[in-house]
Every structure is written in C-alpha cells, then in structure tokens.
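Asks: return atomic coordinates for the entry below.
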Amino acid sequence: MSPELKEVLVSLASICHQISMNQTTLSSIIAKEVKILPPEGRSVLLKLAEHDRKMRETLAEIERKIASL
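Replies: Numbering: from 1, shown residues only. As a prediction, this is how the structure comes out:
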C-alpha cells in the first residue's frame, strides 16, 4: 500500500469516527431531552447509538490494521 493511500485511509477512518461520536451524542441528547418523542423514537435512537459504538470499534480495528501495513 502506498504511503499516500495509507495516509488518506487513516484520515478517513478518523473523520468517520468523529462523525459517529457526534451522531451518538446527538442521538443520546434527543432521546433524553425531547419529551414529545414517542417511545418508538427513543428506542430507535438508542439502537442507533449502540450501532455507532460497534461501528467505531470496527473502524478502530481497521485503522490499526492499516497503520501496521
């Protein structure tokens, strides 16, 4: 893998991680603070936060593998 490609992929993984963190934070805030949100909506937001957490774990693993190449 070329150093340029490696640099871009590591950078993208970092950006995706930050977007996921922001989405998780926003989902959690909305689920807790928006009182008119129906229970189904809260459930979806909490599932989204869990999905994002798992995605971040996967991204971290990919980033480590790329960095080791």
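
Asks: count of residues packed around residue 52?
Replies: 20 (other C-beta atoms under 10 Å). Using the backbone N, CA and C atoms, a C-beta is placed for each residue, glycine as well.

Asks: check what pLDDT it gets.
Replies: The pLDDT attached to residue 52 in the predicted structure is 89.

Asks: one more: residue 28?
Replies: pLDDT, the model's per-residue confidence, is 87 for residue 28.

Asks: now do the contacts for the closest residue to it other than its chain neighbours.
Replies: Excluding its sequence neighbours, the residue lying closest to residue 28 (C-beta to C-beta, 6 or more residues apart in numbering) is residue 49, at 5.7 Å. Applying C-beta atoms under 8 Å, 6 or more residues apart in numbering, one finds that residue 49 lies in contact with 24, 27-28, 31.

Asks: could I get the full set of helices for this structure?
Replies: Secondary structure of the chain, counting by DSSP state H: helices at 3-33, 39-68.

Asks: picking that back up, can you put the contacts of residue 49 in JSON lines and add neighbour count and distance to residue 15?
Replies: Putting those into JSON lines (neighbours: other C-beta atoms under 10 Å; distance: C-beta to C-beta, whole Å) gives the following:
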{"residue": "24", "neighbour count": "19", "distance to residue 15": "15"}
{"residue": "27", "neighbour count": "20", "distance to residue 15": "19"}
{"residue": "28", "neighbour count": "15", "distance to residue 15": "21"}
{"residue": "31", "neighbour count": "17", "distance to residue 15": "25"}
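
Asks: kind regards, and thank you for your time.
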